[in-house]
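> sharing a model prediction with you, sequence too.
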Amino acid sequence: MKLHSTILGEGKPFVILHGFLGMSDNWKTVGKHLAENGFEVHLVDQRNHGKSPHSAEFSYQLLAEDLVAYCQEHQLEKIILMGHSMGGKTAMLAACENEELIEKLIVVDIAPKYYAPHHQQILKGLTALDDAKLTSRGDAEDFLAEYIPQTGVRLFLLKNLYWKTKEQLSLKLNLDSLKENIENIGEALPEGKSYSGPALFIKGANSDYIEKTDELNIRTIFPKASFVTIKDAGHWVHAEKMEAFLATILQFV
């Protein structure tokens, strides 16, 4: 599968993978800063997200294979790989299975463990939004507010809207496939995997995605793991505390 991406800057290849229901555009500001610091940044849309192709099949194994194919297509070697949430799970699996490709790994606010499905209300709202065939972004936000009270989450999701025709808004996401494969999103990393390269795990202090008890499991799989907690940040660490987040990354790389 040929993934869509935005490439910024020149230098050491630095590949960034967004989270569930996100897209590469969510990382443009981070990407620009990294490009200014001497990296060739690849902001990648994973399958069924952003401008990348849609597919009925959706699993971490496929997402990791998509990433490796992308790196081969762009002749990338010894990359720095960063993934947030779902993208972090993809990045962990890709690193474990392709150690020679990935020089350093950065995982943002996700652990390699199982997570129970918790996006049902969001998917319900997005499905209703898509079915409503709205004609203005303002109407779309008001509509989605009935399902998702958090303004920040709503605005993040509404970035998926695009003009399908001059009169009708639609979503870039492949909602049908994401709903069908929702169980796969929470899957743990398969047992017996490991990655011996340097790995940085960044956690938002206000997020419960990575708990203190997860660190032992992480170190078993990633023996060179280091941990940084960013104060006053939730799950979207990079958006909530951009400066601290960038400083943490640049120190690591």
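Ah, there it is.
> which other residues reach stretch 47-65?
1-4, 18, 21-25, 44-46, 66, 86, 89-90, 93-94, 97-98, 172-174, 176-178, 180-181, 184, 187, 189 (C-beta atoms under 8 Å, 6 or more residues apart in numbering). Where you see a C-beta, it was placed from the backbone N, CA and C, and this is true even at glycine.
> from those residues, list the buried ones, please.
Buried members of the contacts of stretch 47-65, scored by 16 or more other C-beta atoms under 10 Å, are 1, 3-4, 18, 21-25, 44-46, 66, 86, 89-90, 93-94, 97-98, 172-174, 177-178, 181, 184, 187, 189.
> looking at those residues, which are in helices?
Among the buried ones among the contacts of stretch 47-65, DSSP state H puts 66, 86, 89, 90, 93, 94, 97, 177, 178, 184 in helices.
> JSON lines for the residues you listed, including pLDDT?
Formatted as JSON lines, these follow (pLDDT from 0 to 100):
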{"residue": "66", "pLDDT": "98"}
{"residue": "86", "pLDDT": "97"}
{"residue": "89", "pLDDT": "98"}
{"residue": "90", "pLDDT": "98"}
{"residue": "93", "pLDDT": "98"}
{"residue": "94", "pLDDT": "98"}
{"residue": "97", "pLDDT": "98"}
{"residue": "177", "pLDDT": "97"}
{"residue": "178", "pLDDT": "96"}
{"residue": "184", "pLDDT": "94"}
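> for these, which one is nearest residue 148?
residue 178 (15.8 Å; C-beta to C-beta).
> how about the helices in the chain?
According to DSSP H, the helices that the chain contains are 28-36, 60-73, 86-97, 120-132, 137-145, 151-158, 175-180, 182-185, 214-221, 237-240, 242-252.
> residue 231: which of the ones you listed is closest?
Per C-beta to C-beta, nearest to residue 231 of the helices of the chain: helix 242-252, 7.4 Å.
> residues in contact with that closest one?
29-30, 33-34, 37, 82, 104, 106, 198, 200, 202, 226, 228, 230-231, 233, 237-238.
> which of those are buried, as a ChimeraX select command?
Entered in ChimeraX, the line below selects the buried ones among these, by 16+ other C-beta under 10 Å:
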select :30,33,34,37,82,104,106,198,200,202,228,230,233,237,238
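> returning to what we had before: between the ones in helices among the buried ones among the contacts of stretch 47-65, which is nearest residue 126?
residue 178 (8.9 Å).
> now the closest one, nearest residue through space, not along the chain?
residue 48 (5.9 Å; C-beta to C-beta, 6 or more residues apart in numbering).
> can you get me a residue count around that neighbour?
25 (other C-beta atoms under 10 Å).
> likewise for the one 3 residues further on?
Around residue 51 there are 14 other residues, counting by other C-beta under 10 Å.
> pull the contacting residues for the residue nearest to residue 164 when sequence neighbours are not counted.
Nearest non-adjacent residue to residue 164, counting by C-beta to C-beta, 6+ apart: residue 170, 3.8 Å away. Counting by C-beta under 8 Å, 6+ apart, residue 170 makes contact with 130, 161, 162, 163, 164.
> now the buried members of the residues you listed.
Buried positions within the contacts of residue 170, assessed by neighbour count (16+ other C-beta under 10 Å), are 130, 161.
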